[in-house]
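Engineer: I'd like to go over a predicted model; first the sequence, then the structure.
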Amino acid sequence: MKIGKKYFFKNRRSIAFQWTVGILTIIFTQSLLLSVILLSGGVLSRAKENAYQSFGEKTVNRKNYLQGEMINHWSNIDLYAEQISGELTVLGEDAVPSTDEVDTFFEQASPILISMLRASAATDAFVILNDNTVSDTSHSALYFRDYDPLAGDHQNRDLRLLIGPTEIAQRNGAMTGDSWIYGLTLDDSNGAFYQNPYGNAHLSEDASLLGYWSPPFRLSPDGEPAITYSRPLFDQDGRLRGVIGIGVSMQHFSTLLPASELSGKTPLGYTLALRTAPESSICPLGAGNALQSQILTMDEPFVFSKYDKKNGIGSLIDRNAKKPVYACVRQLELYDHNTPFEHEAWYLVGFMEEKDLLNFTYRIAGLLLVSFVISIPLGAIYGILAGRRFTKPIIALVQRVRDSEESETIALGETGFAEIDELAGAIESANRKVMQQRDYDNLTGLCNNRLFKRRVTDLLGSDPKTLGIAAMIMMDLDDFKQVNDTYGHHWGDTYLKTAAWMFEQAYSEDAVVGRRSGDEFHVFLYGAETQDEILARVSKLYETLKEYPLAAPDTASTPIGVSTGLVWCEGFSETCDELLMRADETLYKAKRHKKGSVVVD
């Protein structure tokens, strides 16, 4: 049967015509209504906000890790600075010591300097004297570089002496670098790491308050750029003798900023940036990879449009990128207040292309647009085909219904709106995935910081019977860095996941368990009747850890080591952040006391 224009317009009461018009009306109305509801309900804006939050949290986590390395590891040189200060007595009291005195000092100080380099896990360690042997810009110096700080070669075969007497390298089993020089000559390009801490030494007798983080620079034109931390070096009588410090080569630094951490087909990764004064702009310190070098210019500050102040994310303007690029800027807290260099602000900047950052948002918008645009012609085609194919069967069906008994039922099948139902299901599925990525740690499946704080805050606001006796626990895996260094990051991930599983099993009831960052976890226990009940649960965890040791790749089985800091919840007026801060301080007491211990405050 041929259904043409004449059939439709002269037989408007026919099944084929009404079927087609009905299908078109329903599809058009439902598509329009669904789109309006979703758009007015903020689905796209919420998806965009979730993408921003995920990008921001990844950058914050990487910033916290990097800040911890810079403050707790690389700049933690007090013990070694004091030992080297004790060796300065060989220089005598003269402002300009003799060459023999300097050589003797370097010979005695070099093992200490190497130990400082190993302990800090940095790549560079140096001491520079203010002897001015040639001119105001020339100094006697001892500068070591470790090109592979993770190797830990105790015979020092991985060390290179970049500056200093060659005899020092020979005595310590090291070699001289390709760009070796005997003494250090400073100029405008490389002098800040010495001149800034040295020139501010008169401000305090506490050298740790005068530490200075330098932007990347080269000791020599053909040398490898590095970031340094340096501070004044005083002798036992308080006389200023020079500076001491550590450094990290940019090549090694780049390994701490994995580009793959920021998802996307073209991961741009992270870079460092600096603002030299409160009124100045933020400028990049270098390109972390080849892709970044295409969008960054070292002398030009960052300029943003569409800046989201809440998440610290904005779109870069006037860059060479072929596609829109977003940057997330997070400040590194490297300097204390009222110290000479607090006006210099360091930042970690993460980059993502717009298509990667807003991938879910664009997919949702695309689904809405496609479903709306395509539904009309599909409805027309479907109506016409259905009219051709089912006119007679439907008429026969109507007749059968009329002739059937009242108790008889007829199954008419689907109505043709399944695509819209599937679209709604696809949107819910996409939102569930975004929520999962936002609230849970990708590696362990535990609550991330955001979800953990939200759940604890809800408990703190609950009734006293529900909260009961409660405690905040902060845990740190002992020697986790050694596990990574020994067996690799893949086994380190297994170590973390196993520990997280044990924590979750041990605290499966009346507890909120989360991963803070790296190898740190936090647990909020509640609903107990006594403090002893909570302490017993903590003891049970340690018994479980001993009972189920983890077999390492070298077949050695060892319990997972955990240091714990526990603080009691003192009332409903205390916030989650305050409990976490107290627990963090108690954890560090435990780590300083003895690895694997529990400290209750």
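Structural biologist: It's in.

Engineer: ranges for the strands of the stretch 301-450 of the chain?
Structural biologist: All strands of the stretch 301-450 of the chain, identified by DSSP state E, counting those that start in this stretch, fall at 304-308, 313-316, 325-332, 345-353.

Engineer: who does the longest one pair with, and is each partner parallel or antiparallel?
Structural biologist: By that I understand strand 345-353. Strand 345-353 pairs in its sheet with strand 269-275 (antiparallel), strand 325-332 (antiparallel), by DSSP bridges.

Engineer: mind checking which of these is nearest residue 291?
Structural biologist: In terms of CB to CB, the element of those nearest to residue 291 is strand 269-275, at 7.6 Å. Using the backbone N, CA and C atoms, a C-beta is placed for each residue, glycine as well.

Engineer: so what touches that closest one?
Structural biologist: By CB atoms under 8 Å, 6 or more residues apart in numbering, the residues outside strand 269-275 that reach it are 59, 62, 215, 227, 253, 257-262, 281-289, 291-292, 296, 302, 329, 344-351.

Engineer: please indicate which of the residues you listed are buried?
Structural biologist: Among these, those classed as buried by 16 or more other CB atoms under 10 Å are 59, 62, 215, 227, 253, 257, 259, 262, 282-289, 291-292, 296, 302, 329, 344-351.

Engineer: quick revisit: among the strands of the stretch 301-450 of the chain, which is nearest residue 144?
Structural biologist: Residue 144 lies closest, by CB to CB, to one member of the strands of the stretch 301-450 of the chain: strand 345-353, at 24.7 Å.

Engineer: for residue 466, which non-adjacent residue is spatially closest?
Structural biologist: With sequence-adjacent residues excluded and distances taken as CB to CB, 6 or more residues apart in numbering, residue 466 is closest to residue 527, at 6.7 Å.

Engineer: mind listing what that neighbour touches?
Structural biologist: Applying CB under 8 Å, 6+ apart, we find residue 527 in contact with 466-470, 510.

Engineer: which one of those residues has the most neighbours?
Structural biologist: residue 470 (23 neighbours; other CB atoms under 10 Å).

Engineer: off-centre distance for the helix or strand hosting it?
Structural biologist: Using DSSP states H and E, residue 470 maps to strand 469-477. Chain-centre distance of strand 469-477: 22 Å, with CA atoms, centre = their mean, to the nearest Å.

Engineer: which other helices and strands does that strand contact?
Structural biologist: For strand 469-477, the elements it packs on are helix 489-506, strand 520-528, helix 531-547, strand 562-568, helix 576-593, judged by 3 or more CB pairs under 8 Å, 6 or more residues apart in numbering; DSSP states H and E.

Engineer: one step back: closest to residue 202 out of the strands of the stretch 301-450 of the chain?
Structural biologist: strand 345-353 (24.3 Å).

Engineer: what comes into contact with that closest one?
Structural biologist: Against strand 345-353 from outside (CB under 8 Å, 6+ apart): 55, 58-59, 62-63, 66, 213, 257, 262, 264, 266-275, 278, 282, 284, 292, 295, 302, 321, 323-332, 334.

Engineer: among those, name the buried ones.
Structural biologist: Under a neighbour-count criterion of 16+ other CB under 10 Å, the subset of these counted as buried comprises 55, 58-59, 62-63, 66, 213, 257, 262, 267-275, 282, 284, 292, 295, 302, 321, 324-330, 332, 334.

Engineer: in the stretch 1-150 of the chain, where is pLDDT below threshold?
Structural biologist: For the stretch 1-150 of the chain, residues meeting the criterion pLDDT under 70 lie at 1-24, 27-28, 30-42, 132-136.

Engineer: residue boundaries of the strands in it?
Structural biologist: For the stretch 1-150 of the chain, the strands defined by DSSP E, counting those that start in this stretch occupy 124-129, 138-146.

Engineer: turn the ones you listed into CSV, including distance to residue 222 and mean neighbour count.
Structural biologist: Shown next, in CSV, are the strands of the stretch 1-150 of the chain (distance: least, CB to CB, whole Å; neighbours: other CB atoms under 10 Å):
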stretch, distance to residue 222, mean neighbour count
strand 124-129, 16, 26
strand 138-146, 14, 24
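
Engineer: residues in contact with the closest residue to residue 313 other than its chain neighbours?
Structural biologist: Distance criterion CB to CB, 6+ apart; nearest residue to residue 313, sequence neighbours excluded, is residue 328 at 4.8 Å. By CB under 8 Å, 6+ apart, the residues touching residue 328 are 55-56, 59, 311-313, 349-352.

Engineer: what of residue 127?
Structural biologist: 84, 109, 113, 141-142, 233, 242-244.
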